[in-house]
Structure formats: C-alpha cells, structure tokens
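output the structure for:
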Amino acid sequence: METPELMGKAAGIRAAESIKNALDRQGYANIILATGTSQFHTLQNLIATPGIDWRRVTMFHLDEYIGIPMTHPASFRKYLTERFITQVPELNAAHLIDGENEPLAECRRLGDLIRTVTIDVALVGIGENGHLAFNDPPADFETDEPYIVVDLDEACRQQQFGEGWFPSLDAVPKQAISMSIRQIMKSKQIICSVPDERKAVAVRDCLEKPISNMHPAGILRQHPNCALYLDRAAAALLQ
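Coordinates of the predicted model:
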C-alpha cells in the first residue's frame with residue numbers, strides 16, 4: 001500500500017469481512033485487538049464498516065504495561081476504550097488487561113477466559129525490534145500459557161518513548177503483560193498491519209531471515225491464514 005491510510009483501510013475492511021464471516025458461520029466471533037500507531041487506521045476502518053453485529057462479538061486484549069493506571073496517556077486500556085469500545089457500545093464483552101492488578105493473577109484470570117474460546121480474528125502489528133505483542137527478542141516460542149509477564153528490552157522501550165507515549169525513556173515501564181506467541185498463533189486468522197519506515201528493518205528481518213525468536217514476528221510465516229499489510233515505507237527494504 002502507498003500510505004498508512006490506504007494500508008489501514010485495506011486491513012480494516014479485511015478484518016470486518018472476517019468477523020462478519022464468523023458471525024454468519026457460527027453466530028458469534030472472538031477477536032484480539034492490538035494498539036499503537038500501527039492500528040490507528042485499521043481500527044477506524046473496522047469500526048466504520050457497516051453490517052457487523054457487535055452484540056455477538058467478544059474482544060480480547062493483546063498486551064498492557066504493568067503498573068500504569070488506565071488514565072495514563074500510554075495505557076492500552078485507555079487506547080482501546082477510547083478508540084474502540086466506546087465506538088461500538090453494543091459490543092458483547094471486552095476483556096481488558098489490568099496492568100495494575102497483581103501480574104501473575106491477572107495472567108491467570110485472562111488465561112482462564114481465553115482458554116474457553118477459539119479466536120476467529122487477531123489484529124496485530126510488528127515492533128521496531130520485531131516483537132509480536134510485547135514478546136521482545138529473544139521471545140518465548142515454547143510456553144503454552146496464554147498470557148505471560150515479559151521484560152521489555154531497550155529497543156522496545158525506546159520505540160514507546162519515540163512515538164510520544166511517555167515524557168522520557170525512564171518513564172517507560174520495564175515489564176508488561178503480553179499474550180504469548182503460541183496463543184496468538186492459535187487464532188484462525190491473523191491480520192498484521194505494519195506502517196512506517198521505522199519498521200522497515202524489522203519487516204525485512206522477520207520476512208527474509210530464518211524464523212527465530214530473535215525476530216519474533218517472523219513466526220507469522222508459519223501461520224496458515226495470516227495477511228500482512230505494509231505501507232510503502234515499511235516494505236522499502238524487502239527484496
């Protein structure tokens with residue numbers, strides 16, 4: 001796609017059609033939503049697409065910082081509440097990650113919820129360091145736990161500061177709760193949106209280097225139904 005806006009439109013429409021197909025097929029849909037700048041246009045176009053019965057859709061949350069309140073500008077709960085949940089008030093349910101809860105207890109709570117369902121559509125992105133959700137390199141490809149506590153590496157924290165979510169690098173939390181790689185890969189369909197030249201190296205490494213936990217999002221190449229949406233800048237280094 002030429003621009004982030006066109007990329008987001010295509011990804012959002014694809015996600016909407018997949019949700020509608022799940023609703024037609026089984027009467028309900030379970031989805032995973034990501035946050036960050038990569039999802040701005042995708043979520044806008046998903047919400048704007050008519051014909052989705054949100055009363056039959058349940059949303060699961062991909063990742064969240066540990067220790068920041070929902071009122072914090074960088075809170076992913078705040079992001080999803082403002083950019084999605086309040087826009088579709090008839091949504092059946094939204095299972096947000098509470099980063100202020102005791103982390104292991106929160107992982108267990110969410111894990112118990114997501115284990116009971118199959119995810120129909122997962123919206124994800126790729127980080128500047130190649131992370132998938134907050135699974136920074138070297139990512140854990142082996143755990144079967146749906147949600148895990150992760151340490152955020154320097155590149156990841158620098159990205160969050162660079163995108164303007166925090167006033168300084170020191171203010172960026174050093175840990176987060178993240179959906180695990182294996183849980184993401186259980187989704188029936190994955191739609192990955194990646195805009196911006198800042199992601200070009202990560203996109204190249206994840207798509208063209210051997211699959212490795214040092215380039216976590218590269219694992220998406222093993223998924224049977226993953227659609228990758230790039231703008232021209234993010235795709236610039238691909239052979």
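
so where do the helices sit in this protein?
Residue ranges of the helices in the chain, as given by DSSP state H, are 4-26, 40-48, 76-83, 103-114, 154-162, 181-185, 200-208.

which one of the ones you listed lies nearest to residue 216?
With CB to CB, the closest approach to residue 216 among these belongs to helix 181-185: 6.6 Å. From N, CA and C alone the C-beta is placed, and that goes for glycine too.

gap between that closest one and the chain center?
Relative to its chain's centre, helix 181-185 lies at 11 Å (CA atoms, centre = their mean, to the nearest Å).

need the helices of the chain in a markdown table (columns: mean pLDDT and distance to residue 144).
Listed next are those as a markdown table, based on pLDDT from 0 to 100; distance: least, CB to CB, whole Å:
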| stretch | mean pLDDT | distance to residue 144 |
| --- | --- | --- |
| helix 4-26 | 95 | 24 |
| helix 40-48 | 94 | 28 |
| helix 76-83 | 96 | 24 |
| helix 103-114 | 98 | 10 |
| helix 154-162 | 89 | 23 |
| helix 181-185 | 98 | 6 |
| helix 200-208 | 97 | 23 |
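
now tabulate those in CSV and tack on mean neighbour count and distance to residue 138.
CSV is the format used below for those (neighbours: other CB atoms under 10 Å; distance: least, CB to CB, whole Å):
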stretch, mean neighbour count, distance to residue 138
helix 4-26, 19, 28
helix 40-48, 20, 28
helix 76-83, 19, 23
helix 103-114, 16, 20
helix 154-162, 17, 13
helix 181-185, 21, 11
helix 200-208, 20, 14
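
so which of those comes closest to residue 130?
helix 200-208 (4.4 Å).

the inter-axis angle of the closest one versus helix 154-162?
Put simply, helix 200-208 runs at 140 degrees to helix 154-162, going by axes from the mean of the first three to the mean of the last three CA atoms, to 10 degrees.

for helix 200-208, output the C-alpha coordinates as CSV.
C-alpha atoms of helix 200-208 as CSV (Å, rounded to 0.1, in the frame of the first residue of the first chain):
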residue,chain,number,x,y,z
ALA,A,200,11.4,-1.5,7.6
VAL,A,201,14.4,-3.3,9.2
ALA,A,202,12.1,-5.4,11.4
VAL,A,203,9.8,-6.3,8.5
ARG,A,204,12.8,-7.3,6.4
ASP,A,205,14.3,-9.4,9.2
CYS,A,206,11.0,-11.1,10.0
LEU,A,207,10.2,-11.9,6.4
GLU,A,208,13.6,-12.7,4.9
